[in-house]
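> give me coordinates for this.
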Amino acid sequence: MIKKISPCRSLRGKITPPGDKSISHRAAILNSIAQGRARLSNFSPAVDCDSTLKCLRALGVNIRPVSSVPGAIEIDGVGKAGLREANDVLNAENSGTTIRMLSGLLASQPFLSIITGDDSLRSRPMERVVSPLRLMGANIWGRGNGSLAPLAIKGGQLHGIDYRLPVASAQVKSAILIAALFADGETTIQEPSKSRDHTERMLQAMGVKLRVEANRVSIAPPDVCLNSVDFRIPGDISSAAYWIVAGAIHPDARIEIKDTGMNPTRAGIVDVLLKMGAKLRIGNQRHSGDEPLGDLVAESSELAATEIGGDVIPRLIDEIPVIAVAACVARGVTVITDAAELRVKETDRIRDLVGELRKFGATIEEKPDGMIIHGGAKLRGARCCSHYDHRLAMALGIAGLVAEGETLIEDAEAVEISYPAFWQDMQRITAG
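Reported below is the predicted structural model:
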């Protein structure tokens, strides 16, 4: 699919982003091994989350839509001992969250599981999750000595470990925490910097006792089953990020973004844009379960360059493509470092983002762990490609809104991976 984007006079409207993808994965997995029935409202429509649901169903979990509540599902938890061996290979498709977090769950199960994904996922690193799970006692095989999918996992009795993550990763941390629910002793995880904490919050809401101290979390396996929890999932701040940036960089814009998750381990983009001078207001702050959320208003702004690196990177790693678009029109030189993780996402996001933004006339340099962006240039419409990366597709769409002339985005359907209604929402705020 080729999507055509033309610049518009103004951006006006209200957007409610889809349910948070990260929280949806975790709510589905943890409620599947809880005791009782859970209703999850505003569940993410992302293809990635559907991959998780398909895998859980294959493992014997009853999950169904709620016909009377659009966007809601119900899960009948099977408890910690109720999963069954799947009849076929589990397919995580394009979802790194699915394969890594389910590896933590499957490592505890007394049966054989094989889990794979599409071409992109089979090229992404799995050693980072396989190594700690092997230390806990799981038997895991894969290509490259377990560094690449498909993975074959034979679970069994697991042991608690004290583990230092080499790279801050919420996916790996979550996989270890899930496995630790079945271990015979305490597990402690130390991160180099704080990654998103949705799993910790959800486990605590389900009755699991954790000790959280700065970048260190410890968990002892609970003696009782997890309690299922009903939950309305906040809007995804990673999806909201595109509209926040669109409002800030367009010369005549006012966009309201409703019901957005404001978890401090995810809201790095808000901090960075405020530092750059964005006119961004946050109101109606409240909680849904243990997760904070609020409403945002983004308006036309005069942005200035900044430096982005260090501990903030795990809090905005998924938003760097659209932050780079903002940096292209900001005054001055923006430097992004410590983001080498972008090279092992759905694509090499550093290489591909730099290449595509150059087509718009941006002056941008590729670095091993980031990029240097010389802002202030007027972007020009271009024919570009998403490389079938959803976050690149959406970032390029935002660039097209402020570029002179027509922009064509190849493989624009990639947005379905995380935000199926993205192009429709763009049409709504440009219609005026």
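
> poorly predicted segments of the stretch 201-350 of the chain, please.
Within the stretch 201-350 of the chain, the stretches with pLDDT under 70 are 224.

> same thing but 80
Applying pLDDT under 80 to the stretch 201-350 of the chain flags the ranges 222-224.

> wait, what's in contact with Ile364?
Ala324, Cys328, Val354, Leu357, Arg358, Met371, Ile372, Ile373, His374 (Cβ atoms under 8 Å, 6 or more residues apart in numbering). The way it works is simple: take the backbone N, C-alpha and C, and place the C-beta from them, glycine included.

> for ChimeraX, write the select line for the buried members of the residues you listed.
Entered in ChimeraX, the line below selects the buried ones among the contacts of Ile364, by 16 or more other Cβ atoms under 10 Å:
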select :324,328,354,357,371,372,373,374
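
> could the contacts of Ile364 go into TSV alongside distance to Glu85?
What follows is the contacts of Ile364, written out as TSV (distance: Cβ to Cβ, whole Å):
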residue	distance to Glu85
Ala324	44
Cys328	50
Val354	45
Leu357	47
Arg358	50
Met371	45
Ile372	51
Ile373	50
His374	55
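
> what's around the nearest residue to Pro125 once chain neighbours are set aside, how many residues?
Excluding its sequence neighbours, the residue lying closest to Pro125 (Cβ to Cβ, 6 or more residues apart in numbering) is Val344, at 5.4 Å. Neighbourhood size, Val344 [other Cβ atoms under 10 Å]: 15.

> Arg64 now?
When neighbours are defined as other Cβ under 10 Å, Arg64 has 11 of them.

> cool, and Asn62?
Neighbour number of Asn62 under other Cβ under 10 Å is 13.

> list the contacts of the strand or helix carrying Leu293.
With elements taken from DSSP states H and E, the one containing Leu293 is strand 291-299. Applying Cβ under 8 Å, 6+ apart, the contact partners of strand 291-299 are 20, 23, 198, 201, 234-235, 240, 243-248, 253-264, 270, 278-287.

> now, these that are in helices?
Those of the contacts of strand 291-299 mapping onto helices are Ile23, His198, Arg201, Ala240, Trp243, Ile244, Val245, Ala246, Gly247, Ala248, Val270, per DSSP state H.

> mind checking how far the third one is from Ile237?
Computed with Cβ to Cβ, to the nearest Å, the distance linking Arg201 and Ile237 is 15 Å.

> that older thread, just the buried ones from the contacts of strand 291-299, in PyMOL syntax?
What follows is the PyMOL syntax selecting those of these that are buried according to 16+ other Cβ under 10 Å:
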select buried, resi 20+23+198+201+234+235+240+243+244+245+246+247+248+253+254+255+256+257+258+259+260+261+262+263+270+278+279+280
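
> elements contacting the helix or strand Ile409 falls within?
Assigned by DSSP H and E, Ile409 belongs to strand 407-410. Applying 3 or more Cβ pairs under 8 Å, 6 or more residues apart in numbering; DSSP states H and E, one finds that strand 407-410 makes contact with strand 2-5, strand 383-385, helix 390-402.

> gap between it and the chain center?
With Cα atoms, centre = their mean, to the nearest Å as the basis, strand 407-410 stands 24 Å off its chain's centre.

> what lines up beside it in the sheet?
Under the criterion DSSP bridges, strand 407-410 sits next to strand 2-5 (antiparallel), strand 383-385 (parallel) in its sheet.

> just read off the phi/psi values of Leu83.
Backbone geometry at Leu83, expressed as degrees, to the nearest 10, gives phi -70, psi 150.

> so it touches Arg57, yeah?
No: the pair formed by Leu83 and Arg57 falls short of the contact definition of Cβ atoms under 8 Å, at 11.2 Å.

> of the two, who's got more company?
Each of Leu83 and Arg57 has its neighbours counted (other Cβ under 10 Å); Leu83 has more, 23 against 14.

> with adjacent residues omitted, what lies nearest to that one?
Leu83 sits nearest to Leu59 (Cβ to Cβ, 6+ apart), 4.7 Å away.

> quick one: contacts for the one you found?
Leu59 touches Ser32, Leu83, Arg84, Glu85, Ala86, Leu90, Ser113, counting by Cβ under 8 Å, 6+ apart.

> Gly381 now?
Ile5, Ser6, Pro7, Phe360, Gly400, Ala403, Glu404, Gly405, Glu406, Thr407.

> now for those: which two are most distant?
Ser6 and Phe360 (14.1 Å; Cβ to Cβ).

> between those two, who's got more neighbours?
Phe360 (23 against 12).

> can you verify my assumption that the more buried one contacts Gly397?
No: in terms of Cβ under 8 Å, Phe360 does not count as a neighbour of Gly397; the distance is 11.9 Å.

> quick check: neighbours shared by these two?
Taking Cβ under 8 Å, 6+ apart as the criterion, Phe360 and Gly397 both touch Thr407.

> roughly how far is the host helix or strand of Thr52 from the heart of the chain?
Element membership for Thr52 (DSSP H and E) is helix 47-58. Here helix 47-58 is found 16 Å from its chain centre; the criterion is Cα atoms, centre = their mean.

> Thr97: which of the helices and strands packed on strand 407-410 is closest?
helix 390-402 (13.0 Å).
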